[in-house]
Every structure is written in structure tokens, then in C-alpha cells.
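**Student:** Here's a sequence, model it:
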Amino acid sequence: MDIDEGMRLGCGHPMGPLTLLDFVGLDTTYYIANIMFDEFREKRFAPPPLLKRMVQAGLLRPEDGPRLLRLLAGAAAAGRRAGRRSMGYQNLARRDRATASPSSPSTGPTS
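**Tutor:** Numbering: from 1, shown residues only. The predicted structure follows:
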């Protein structure tokens, strides 16, 4: 949440990047990242592995499950309770797989 607040207050953006992901939808973001990577073949445009796992788990939009902000905030809080700065993406992904329901992956935007 500090990231969103920093971008809003410090950079003057109307919303932070994590709020924007919740607004647009993770499936749409994943689809766009794939198009960018296919077009330019640059590693920086490839969709992050965590985003891919969240889309495959069916966490496409806020109504489908925990909002990205809450998910990341929960991971950071759990890491602080354990005495670490953050859980890191690998531990967060393990937790996602443990709680995700089996569903087919979506590779494109939904209507």
C-alpha cells in the first residue's frame, strides 16, 4: 500500500500501480505483457511469473478473490511477523498455490 500511496502523493498519479492492476484486471495485464514480449522479445516485457500464476489460479479481478493490494500486504505482514522484511515472491506463490482452486489458465482478456 505504501507503493500506491507514494505514487499518488509523490508523483501525482491519480492511482498507484497496484490499484491500477486491480482496476484493469490481472488477466488483461497478463495478456498485454505477453503481446509486448512477443513484439519486442525483451525480457523486461515478459509477464512476471507471479502474475501468470495468479491468472492461472483464476484471480483475475477483485471480485474473484483477494485484491492484489491485500494479497501483497498480507505477505509483507506475515514476513514481518516471522522477523523477515518480506516473504518474497516464491513464498507468496507457494501460499497462492496452496489456497488456489484448480481452474484452467486464461491467456487472453475476458469480456
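**Student:** C-alpha only now, for contacts and for neighbours.
**Tutor:** Fine.
**Student:** so where's the chain shaky on pLDDT?
**Tutor:** Within the chain, the ranges that satisfy pLDDT under 70 run 1, 62-111.
**Student:** Now with 50, please.
**Tutor:** 85-90, 92, 101-104, 106, 111 (pLDDT under 50).
**Student:** can you give me the helices in it?
**Tutor:** 2-11, 17-24, 26-40, 49-56, 68-81, 88-99 (DSSP state H).
**Student:** Between helix 17-24 and the longest one, find me the angle.
**Tutor:** Orientation note: helix 26-40 sits at an angle of 100 degrees relative to helix 17-24 (axes from the mean of the first three to the mean of the last three CA atoms, to 10 degrees).
**Student:** Can you show me the CA trace of helix 26-40 as PDB?
**Tutor:** Listed in PDB are the C-alpha atoms of helix 26-40, where the atom choice follows Å, rounded to 0.1, in the frame of the first residue of the first chain:
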ATOM      1  CA  LEU A  26      -4.800  -9.200 -13.900                       C
ATOM      2  CA  ASP A  27      -5.900 -11.200 -16.900                       C
ATOM      3  CA  THR A  28      -5.800  -8.000 -19.100                       C
ATOM      4  CA  THR A  29      -2.400  -7.000 -17.700                       C
ATOM      5  CA  TYR A  30      -1.000 -10.600 -18.400                       C
ATOM      6  CA  TYR A  31      -2.400 -10.500 -21.900                       C
ATOM      7  CA  ILE A  32      -0.800  -7.100 -22.700                       C
ATOM      8  CA  ALA A  33       2.500  -8.200 -21.200                       C
ATOM      9  CA  ASN A  34       2.500 -11.300 -23.500                       C
ATOM     10  CA  ILE A  35       1.800  -9.100 -26.500                       C
ATOM     11  CA  MET A  36       4.600  -6.700 -25.600                       C
ATOM     12  CA  PHE A  37       7.000  -9.600 -25.100                       C
ATOM     13  CA  ASP A  38       6.000 -11.300 -28.400                       C
ATOM     14  CA  GLU A  39       6.500  -8.000 -30.200                       C
ATOM     15  CA  PHE A  40       9.800  -6.800 -28.800                       C
END
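**Student:** All set now, cheers.
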